[in-house]
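1. Have a look; sequence and predicted model below, questions after that.
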Amino acid sequence: MPTLHPAGGTSRARVVAMVAAGGLLCAGGFAGLAPKRGTASSHREAPLISGQPQYDNTDVYAFVSPDKPDTTTLIANFIPFQDPAGGPNFYKFARDARYDLNVDNDGDSLPDLTYRFRFHDRLKNANTFLYNTGPVTSLDDPDLNFTQTYDLTLVRRTGGRVRSVHTLAENAPVAPSNVGKASMPDYAKLRGQAVKPLGDGTTSFAGQADDSFFLDLRVFDLLYGANLKEVGNDTLSGYNVNTVALQIPTRHLVKGKDPVIGVNSTVSRLSASGGYAQVSRLGSPLVNEVVIPRGRKDAFNASTPWQDAQFAGFVTDPELPKLIEKIYKIPAPPGPRNDLVQAFLTGVPGLNQPAHVRPAELLRLNTSVRPAAKPDRLGVLGGDKAGFPNGRRLTDDVIDISLQAVEGELLGKKNDLGDAVNANDAAFEKSFPYVAQPHSGSDVRGARKPGTKAAGSARKGEGGPVNFLNAGATESTSDDGSGVGPLLPAAAAGAGAFVLTGGLLWLRRRRPAAGRHES
């Protein structure tokens with residue numbers, strides 16, 4: 001493990017620049033990844049997918065289950081900006097799509113496990129416009145006119161090649177859209193009926209949920225145009241998404257003695273030729289929104305992690321800090337940004353980097369890190385090793401974390417950038433599937449639910465009213481008793497290949513054999 005040096009000056013220990021055990025990481029390490037060009041997530045993050053909401057993967061989460069720490073929870077959200085009252089045709093998963101949760105458990109960027117959801121429609125009465133014809137009290141209620149079910153399969157691969165396909169569930173029920181209080185007086189009961197144990201210790205869920213991403217989307221309006229007062233509005237407050245979630249015994253996910261897994265979600269759509277084409281991809285948050293330029297976003301959505309060398313330059317020379325410098329006159333950290341390579345592509349040495357890593361955009365989780373008793377919303381930056389970028393929990397404030405990281409927090413350049421939206425508008429649940437229940441069609445969108453914090457209710461900064469420059473400030477909630485702050489070593493700048501823990505990592509120039517990427 002690298003030496004840890006807390007930096008003073010604030011109430012929480014800050015990350016400083018450090019060199020990982022005998023090695024350095026530089027952009028030259030991508031030279032051997034030999035990309036193959038893609039053919040054609042987040043909320044509307046790319047031109048093509050913005051017109052196909054049923055296939056739009058908005059967020060991915062991977063974390064050790066807080067109430068069952070011998071399991072790992074994987075969550076993917078789809079279909080952004082659902083207005084709860086958006087009937088009479090409410091929100092459903094696409095029938096012509098494969099919604100996949102992929103797990104790489106050996107660091108080679110190829111999926112070793114794929115959990116695949118495929119959905120089916122059921123319509124009881126085609127002679128009415130109603131989604132339900134009376135109050136719905138159960139998922140098999142005859143008054144629930146439109147329903148969906150799903151089949152869940154597990155695809156196992158070795159070296160990218162399919163080794164086996166196993167059915168985990170057939171015709172499992174999907175929790176419906178929350179039409180309103182008159183139609184669904186006890187929605188919590190309906191959700192509970194959609195949580196399905198699979199018999200091997202795995203539990204699955206599919207259905208509508210509150211959009212668990214919280215942020216002020218005006219950050220995309222030229223970072224508020226230097227108007228520091230315009231922060232703190234949770235733009236996604238009151239909107240719903242469709243969610244698939246799995247709680248899986250961790251022993252089923254990891255391989256050998258390496259506890260680190262890489263996770264992403266993809267959606268492939270059935271084409272007129274009868275084959276499936278990938279149209280959406282998501283691992284770490286905000287990569288396709290603010291790292292990949294507009295002209296490459298569709299290619300990114302259609303590509304695989306194996307092909308990520310073609311996007312490496314956008315990570316080592318990102319646009320966002322240059323925009324911040326232009327608007328707020330905060331100097332952008334110099335490139336190449338190898339600190340961001342760790343955060344987005346390789347994982348952090350000593351925390352969540354696989355033993356034999358191939359750089360690729362995956363959400364990397366060290367499943368051996370126990371859940372924090374008091375999670376810090378800034379994750380590892382706040383001294384909480386169980387949070388982003390070590391996986392991603394529902395409560396992790398990835399906007400503030402990402403803003404601070406691109407401004408050099410991992411290099412010791414202290415800052416408190418943030419959007420002043422520090423928590424979700426609806427309370428997350430304490431047990432699987434953890435996501436908050438969907439807003440009801442009876443609710444006024446944006447209204448706060450009883451017992452939840454107001455969206456954007458950030459405290460005032462030490463220097464006065466909260467604004468973009470100080471909204472990300474937080475106090476340490478590290479509960480490990482060590483007195484040591486954030487455990488995130490930063491990479492040293494320089495040229496050369498990856499040298500990790502004293503050993504040279506050669507990335508061979510080769511393309512995957514036929515059949516590696518899809519089954």
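-> On my side now, so go ahead.
2. ok, residue 248 - contacts?
-> 71-74, 201-202 (Cβ atoms under 8 Å, 6 or more residues apart in numbering). Yep, even glycine has a C-beta here, placed from its N, CA and C like the rest.
3. Out of these, which one has the lowest pLDDT?
-> Minimum pLDDT for the contacts of residue 248 is recorded at residue 201 (94).
4. So that one belongs to a helix, correct?
-> No: the assignment for residue 201, made by DSSP: H, G, I helix; E, B strand; the rest coil, is coil rather than a helix.
5. can you give me phi and psi for the nearest residue to it once chain neighbours are set aside?
-> Nearest non-adjacent residue to residue 201, counting by Cβ to Cβ, 6 or more residues apart in numbering: residue 249, 4.2 Å away. Backbone torsions for residue 249, taken as degrees, to the nearest 10, come to phi -50, psi 130.
6. State the distance from the spatially most central residue of the chain to residue 232.
-> The centre of the chain sits closest to residue 60, judged by Cα atoms, centre = their mean, with a distance of 2.9 Å. According to Cβ to Cβ, to the nearest Å, residue 60 and residue 232 sit 26 Å apart.
7. again, but for residue 356
-> 44 Å.
8. Who has more neighbours out of those two?
-> residue 232 (21 against 11; other Cβ atoms under 10 Å).
9. Which helix or strand contains that one?
-> Assigned by DSSP states H and E, residue 232 falls within no helix or strand.
10. Where does the residue nearest to the centre of the chain sit, in terms of helix or strand?
-> With DSSP H and E as the criterion, residue 60 is inside strand 57-64.
11. Now do the buried residues in the very next helix or strand once past that strand.
-> Using DSSP H and E, the next helix or strand after strand 57-64 towards the C-terminus is strand 71-82. Neighbour counts over strand 71-82 (16 or more other Cβ atoms under 10 Å) mark 71-82 as buried.
12. got it, and stretch 279-296?
-> Those would be 279-292, 296, for stretch 279-296 by 16+ other Cβ under 10 Å.
13. Check stretch 254-267 too.
-> Using 16+ other Cβ under 10 Å as the test for burial, stretch 254-267 gives 254-255, 258-267.
14. mind checking how far it is from the chain centre?
-> When distances are taken as Cα atoms, centre = their mean, to the nearest Å, stretch 254-267 is centred 14 Å away from the chain's centroid.
15. what's the most distant pair in the buried residues of strand 71-82?
-> 71 and 81 (31.1 Å; Cβ to Cβ).
16. Surely residue 283 touches residue 304?
-> No: applying Cβ atoms under 8 Å, one finds residue 283 not in contact with residue 304, separated by 11.1 Å.
17. what residue ranges in the stretch 301-450 of the chain score low on pLDDT?
-> Across the stretch 301-450 of the chain, residues meeting the criterion (pLDDT under 70) sit at 445-450.
18. mind listing the strands for it?
-> 363-366 (DSSP state E, counting those that start in this stretch).
19. same thing with the stretch 51-200 of the chain?
-> Under DSSP E, counting those that start in this stretch, the stretch 51-200 of the chain gives strands at 57-64, 71-82, 97-104, 113-123, 146-158, 161-173, 196-197.
20. Mean neighbour count, the ones you listed: which tops it?
-> With neighbours defined as mean count of other Cβ atoms under 10 Å, the strands of the stretch 51-200 of the chain peak in mean count at strand 57-64, which reaches a mean of 26.
21. And that one, what does it pack against?
-> strand 71-82, strand 260-270, strand 276-282, strand 363-366 (3 or more Cβ pairs under 8 Å, 6 or more residues apart in numbering; DSSP states H and E).
22. worst average pLDDT in the ones you listed?
-> strand 276-282 has the lowest average pLDDT among the helices and strands packed on strand 57-64, namely a mean of 93.
23. Next, the angle from that strand to strand 260-270.
-> Strand 276-282 runs at 140 degrees relative to strand 260-270, counting by axes from the mean of the first three to the mean of the last three Cα atoms, to 10 degrees.
24. Now do residue 55: how many residues are near it, please.
-> Residue 55: 24 neighbours (other Cβ under 10 Å).
25. ok, it to residue 282 distance?
-> Applying Cβ to Cβ, the value for residue 55 to residue 282 is 11 Å.
26. hmm, back to that, of all the strands of the stretch 51-200 of the chain, which lies closest to residue 408?
-> Closest to residue 408 of the strands of the stretch 51-200 of the chain, according to Cβ to Cβ: strand 57-64, at 25.4 Å.
27. what is the mean pLDDT for that closest one?
-> Computed over strand 57-64, the average pLDDT equals 96.
28. Tell me what angle that strand forms with strand 276-282.
-> With the same axes, to 10 degrees defining the directions, strand 57-64 sits at 60 degrees from strand 276-282.
29. distance between strand 57-64 and the chain's centre?
-> 4 Å.
30. Stretch 165-183 now?
-> The answer for stretch 165-183 is 22 Å, by Cα atoms, centre = their mean.
31. try stretch 112-120
-> Taking Cα atoms, centre = their mean, one finds the center of stretch 112-120 at 18 Å from the center of the full chain.
32. Kindly report the same for stretch 136-150.
-> That offset, for stretch 136-150, works out to 30 Å (Cα atoms, centre = their mean).
33. Using CSV, write out every CA atom in that stretch.
-> What follows is stretch 136-150 as a C-alpha-only set of coordinates in CSV (Å, rounded to 0.1, in the frame of the first residue of the first chain):
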residue,chain,number,x,y,z
VAL,A,136,-55.0,-2.5,-8.2
THR,A,137,-54.2,-4.5,-5.0
SER,A,138,-51.9,-7.1,-6.4
LEU,A,139,-49.7,-7.8,-9.4
ASP,A,140,-52.2,-10.5,-10.6
ASP,A,141,-55.2,-8.2,-10.0
PRO,A,142,-57.6,-8.6,-13.0
ASP,A,143,-58.0,-4.8,-12.9
LEU,A,144,-54.3,-4.3,-13.9
ASN,A,145,-55.0,-4.3,-17.6
PHE,A,146,-51.4,-4.0,-18.8
THR,A,147,-48.5,-6.0,-17.3
GLN,A,148,-45.0,-7.0,-18.1
THR,A,149,-43.0,-10.0,-17.2
TYR,A,150,-39.3,-10.8,-17.7
